Each structure stands twice: as structure tokens, then as C-alpha cells.
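Chemist: Fold the following.
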Amino acid sequence: MINRKLRMGMVGGGRDAFIGSIHRLAALMDGQIELVCGCFSVNPDISVSSGKSYFLPDNRVYKTYREMFENEVRLPEGDRMDFVTIVTPNHAHFEPAMMALDKGFHVVIDKPVTFSLDEAKKLKAKIGESGLILALTHTYSGYPAIKEARERIRRGELGEIRRIYTEYPQGWLSANVEEKGNAQASWRTDPKRSGKAGCMGDIGTHAFHLTEYVSGLKTTALCAELNVFVPGRQLDDDGAAFLRFQNGARGVLMATQVAAGEENAIKIRIYGTRGGLEWSQMEPNTLWMKWTDRPVEMVRTGQGYMSDAAKHNTRTPAGHPEGYLEAFANIYRNFSLTLRARLETKKPAPEWLDFPTIDDGVRGMQFIETVVQAGYADTPKWVNFAD
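Modeler: As a prediction, the model looks like this:
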């Protein structure tokens with residue numbers, strides 16, 4: 001038995017980075033993980049100063065990720081990191097992930113998994129070759145109510161699924177803030193750092209993953225429209241797609257970052273032959289079940305009637321709000337429990353394996369490729385998903 005915390009390194013996540021702090025809070029929340037090293041910025045000075053602010057020893061704060069992997073792999077097994085979390089812009093995901101795997105380190109990575117579909121497929125092949133674990137932080141799949149929704153669909157409570165509506169409106173890019181010093185907007189609207197898609201790559205992939213995760217269905221084709229509303233912007237800031245699923249169901253996915261006044265209002269509704277369900281992140285502890293033959297049912301997390309999957313991912317008694325950080329932390333906890341079982345040569349429990357993997361990452365990149373191909377067509381057209 002490994003009687004210690006798992007040791008985490010970081011690529012990115014300097015003290016000036018938004019998502020890096022979220023990753024640290026989520027990873028450390030359950031007391032299973034400790035931060036032991038990192039290269040926290042492409043700017044060596046920021047990396048060093050960040051490491052000091054995290055109270056790391058000087059010899060475990062690195063100026064490049066290459067230096068980190070080379071040094072860490074030479075440390076005794078009892079000292080070196082067990083895995084690395086990569087929290088950089090999209091264009092800087094693939095190379096550190098591949099090098100980490102080459103050196104024998106497991107990986108957690110922010111979404112989308114890579115800059116391109118080709119990179120995602122190469123990363124998947126490397127995972128298969130190495131046998132190592134990769135977790136992808138599609139946060140919204142970590143909510144207990146989402147786990148409950150998935151389980152109820154699995155049990156057939158809604159009957160055969162017919163219709164899915166997923167929307168993710170934001171408003172923070174309603175103006176050209178990327179030219180006014182907003183670092184988060186700057187890289188997300190830059191095709192050299194973000195990739196082929198803007199809004200659809202950033203939050204459309206979240207909506208897409210949530211759609212397939214909850215429904216259990218795979219998308220087979222889509223028809224889309226992508227828009228650029230803010231003058232001078234190089235990538236889409238708005239879009240919508242019609243989806244076809246493997247069982248014949250149909251869906252609509254909308255993602256926009258120019259819905260002025262909206263925050264992070266991701267929402268999903270799914271309808272089957274017997275009933276429907278609805279969940280919104282703005283009220284994450286509530287799942288609405290809708291029926292044709294009885295009143296609407298309000299399902300609340302933390303209650304004894306919840307499924308085992310939901311209970312496993314719930315930390316507080318009913319009525320104590322659990323939100324974004326806890327959902328994020330559920331991915332890290334399930335990953336860490338799976339990794340600990342691996343290190344102890346034990347079989348992980350099924351509920352521990354419930355976190356997004358490289359397969360979800362490839363699906364996300366396929367979505368980006370397909371929605372861009374369809375969304376910028378001169379006339380609307382359906383484009384099949386590649387296998």
C-alpha cells in the first residue's frame with residue numbers, strides 16, 4: 001500500500017493564470033495529491049516566482065518543461081512526481097504531454113486535449129503504447145446531478161432518447177477585449193494558439209462532451225453555422241449545430257461568447273419516449289425530471305435516493321451547495337484513486353474510472369474539425385463524423 005499523497009507536477013499554472021489556480025484547488029481538495037514541482041510559465045522569471053509563492057524548493061521549480069521531465073525522471077522513485085497536469089493554451093498541450101508519457105509520467109490535461117485532431121490521434125496512440133493514464137478536465141461531467149442524470153438514462157427511465165438540447169451562452173467576448181489587454185481573450189481568439197475554432201473549441205467542446213456523456217449516445221453527423229460577430233476577430237465567437245445520433249435521435253447544440261450579460265449558463269435538456277430531464281449549471285444541485293403521466297419531479301443532490309454514482313461524487317449533506325470547484329475536484333479524485341490503485345497493482349473500482357479520457361479528447365477534436373468544416377460552408381450541409 002502506498003501510504004502517501006500522490007505527487008503532482010505542473011506545466012503552466014503560474015500565479016497570473018486563471019485556470020492554473022482552479023486546477024491546484026481542485027487537485028488538492030481531497031488531500032490525495034500534493035504539488036511537488038513545476039514549470040509554471042514560458043517566462044522563466046514567472047515560473048520561479050510562482051514556485052516560490054507555492055512554497056516549493058528551488059530545485060523543483062523549472063524554467064522549461066523539458067528540464068522538468070529530464071530532472072524528475074532521474075530522481076529516486078520515492079521523490080519524483082507521479083503525474084503532471086498540463087494547464088497551458090491549446091497549442092502547448094501536445095508536446096509536453098508526449099514528453100511526459102515518454103518519461104513514464106501519467107497526465108492530466110485541460111481541454112481541448114490538443115491543438116489538432118492529428119495530434120489527438122497521436123496522443124491516443126502513445127497512451128495505448130505506454131499503458132499510462134490520461135485524464136481530461138471536462139469539468140461539467142463532474143457534477144453529482146449530472147452523474148444522476150446519466151444513471152437515470154442508463155436505467156431507461158426516459159425510454160428511448162429522441163431529442164437533446166445543449167446550450168452554453170457566455171457574454172464575456174461581446175466586445176473586442178482581446179485588444180485591450182485581456183490575456184484570456186488574447187490566446188482564445190488567436191488561431192495560432194487556440195486552433196481552428198474559437199468559441200466552439202473553448203466552450204462548444206464542453207457542450208458536446210456533456211451531450212454525449214449524459215445521453216450515452218455518439219454523434220454521427222452534424223450541420224452547423226459558425227459566426228464572427230465582433231469586427232476583426234479571427235475565430236468564431238458564436239455557433240450552433242444540428243446533431244444526429246447513432247440511435248436516430250436528433251439534437252441542437254448552441255455555444256456563444258457574445259450573449260451579452262450571460263455568465264456560464266451551460267444547460268442540457270434530454271427527452272425520451274417516457275419523459276425528459278433538465279439541468280443547468282446556474283442551479284447545479286437540482287435535476288428536473290419531467291413526465292407525461294405525473295407531476296414534474298425535483299431531484300436534489302445529497303439525498304438518500306440518489307444513485308451510487310451521484311453519491312460517490314457528493315461531498316456535503318443536502319442543501320449545502322456544491323459547485324464548479326467540487327465538480328472539477330471530482331475528476332482529480334477519480335483520477336487519483338485510479339492511479340493509486342494502479343501503483344498498488346490493484347483493480348480500480350468502477351466509479352473511480354468515471355473521468356474523461358483520451359477517447360473523449362479525440363471525440364472533442366473530431367467535433368471541432370467537423371463543426372468547422374460544416375460551419376463555414378457556403379450552403380448548409382451535413383458532415384459525417386470520422387471514426
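Chemist: Please report how far the residue minimising distance to the centre of the chain lies from residue 330.
Modeler: Residue closest to the mean C-alpha point of the chain, counted by Cα atoms, centre = their mean, is residue 138 at 1.7 Å. Relative to residue 330, residue 138 is positioned 11 Å away (Cβ to Cβ, to the nearest Å). Every residue, glycine included, has its C-beta placed from N, CA and C.
Chemist: And the strands in the chain, which stretches?
Modeler: With DSSP state E as the criterion, the chain has strands at 6-12, 33-39, 83-87, 106-109, 134-136, 161-169, 219-227, 238-245, 250-256, 267-272, 275-280, 286-291, 297-300, 382-384.
Chemist: okay, these in a markdown table with mean pLDDT next?
Modeler: What follows is these, written out as a markdown table (pLDDT from 0 to 100):
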| stretch | mean pLDDT |
| --- | --- |
| strand 6-12 | 98 |
| strand 33-39 | 98 |
| strand 83-87 | 98 |
| strand 106-109 | 98 |
| strand 134-136 | 98 |
| strand 161-169 | 98 |
| strand 219-227 | 97 |
| strand 238-245 | 98 |
| strand 250-256 | 98 |
| strand 267-272 | 98 |
| strand 275-280 | 98 |
| strand 286-291 | 98 |
| strand 297-300 | 98 |
| strand 382-384 | 95 |
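Chemist: Would you format those as a markdown table with distance to residue 19 and mean neighbour count included?
Modeler: Formatted as a markdown table, these follow (distance: least, Cβ to Cβ, whole Å; neighbours: other Cβ atoms under 10 Å):
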| stretch | distance to residue 19 | mean neighbour count |
| --- | --- | --- |
| strand 6-12 | 8 | 25 |
| strand 33-39 | 14 | 24 |
| strand 83-87 | 5 | 26 |
| strand 106-109 | 12 | 26 |
| strand 134-136 | 13 | 25 |
| strand 161-169 | 17 | 21 |
| strand 219-227 | 24 | 19 |
| strand 238-245 | 22 | 22 |
| strand 250-256 | 18 | 22 |
| strand 267-272 | 22 | 20 |
| strand 275-280 | 22 | 20 |
| strand 286-291 | 26 | 17 |
| strand 297-300 | 29 | 14 |
| strand 382-384 | 30 | 15 |
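Chemist: Residue 130: neighbouring residues, count only.
Modeler: Residue 130 sits with 18 neighbouring residues when counted by other Cβ atoms under 10 Å.
Chemist: Name the nearest residue to it, ignoring sequence neighbours.
Modeler: Leaving aside its chain neighbours, residue 130 sits nearest to residue 101 (5.0 Å; criterion: Cβ to Cβ, 6 or more residues apart in numbering).
Chemist: That neighbour and residue 135, how far apart?
Modeler: From residue 101 to residue 135 the distance is 13 Å (Cβ to Cβ).
Chemist: correct me, but residue 68 touches residue 39?
Modeler: Yes: using Cβ atoms under 8 Å, residue 68 is in contact with residue 39, at 4.9 Å.
Chemist: tell me, what's touching the two both at once?
Modeler: Counting by Cβ atoms under 8 Å, 6 or more residues apart in numbering, the common neighbours of residue 68 and residue 39 are 11, 62.
Chemist: so how far is the lengthiest helix in the chain off the chain centroid?
Modeler: Ranked by residue count, the top helix of the chain under DSSP state H comes out as helix 324-343. Remark: helix 324-343 is offset 13 Å from the chain centroid, using Cα atoms, centre = their mean, to the nearest Å.
Chemist: In stretch 334-349, which residues are buried?
Modeler: 334, 335, 336, 337, 338, 339, 340, 341, 342, 348 (16 or more other Cβ atoms under 10 Å).
Chemist: and the nearest residue in space to residue 244 that is not next to it in sequence, what are its bridge partners?
Modeler: Ranked by Cβ to Cβ, 6+ apart and with sequence neighbours excluded, the top spatial neighbour of residue 244 is residue 221, at 4.5 Å. Note on residue 221: beta-bridge partners by DSSP bridges are residue 244, residue 384.
Chemist: if I pick residue 221, what's in contact with it?
Modeler: Shown in contact with residue 221 (Cβ under 8 Å, 6+ apart): 243, 244, 382, 383, 384, 385.
Chemist: Surely the third one and residue 374 touch.
Modeler: Yes: applying Cβ under 8 Å, one finds residue 382 in contact with residue 374, separated by 7.2 Å.
Chemist: Between the two, which contacts overlap?
Modeler: The contact lists of residue 382 and residue 374 share 222, 223, where a contact means Cβ under 8 Å, 6+ apart.
Chemist: Please name the residues that touch the residue nearest to the centre of the chain.
Modeler: By Cβ under 8 Å, 6+ apart, the contact set of residue 138 is 111, 205, 206, 209, 210, 213, 331, 356, 360, 364.
Chemist: now with 10 Å?
Modeler: 110-113, 205-206, 208-210, 213, 327-328, 331, 355-356, 360-361, 364 (Cβ atoms under 10 Å, 6 or more residues apart in numbering).
Chemist: Low-confidence stretches in the stretch 1-150 of the chain?
Modeler: Nowhere does the stretch 1-150 of the chain drop to pLDDT under 70.
Chemist: can you give me the helices in it?
Modeler: Ranges of helices in the stretch 1-150 of the chain, per DSSP state H, counting those that start in this stretch, are 18-28, 44-53, 65-74, 94-102, 117-130, 144-154.
Chemist: outside of the longest one, which residues touch it?
Modeler: This means helix 117-130. Counting by Cβ under 10 Å, 6+ apart, 90-91, 93-95, 97-98, 100-107, 109, 112-114, 116, 132-134, 195-196, 357-359, 361-370, 386 sit against helix 117-130.
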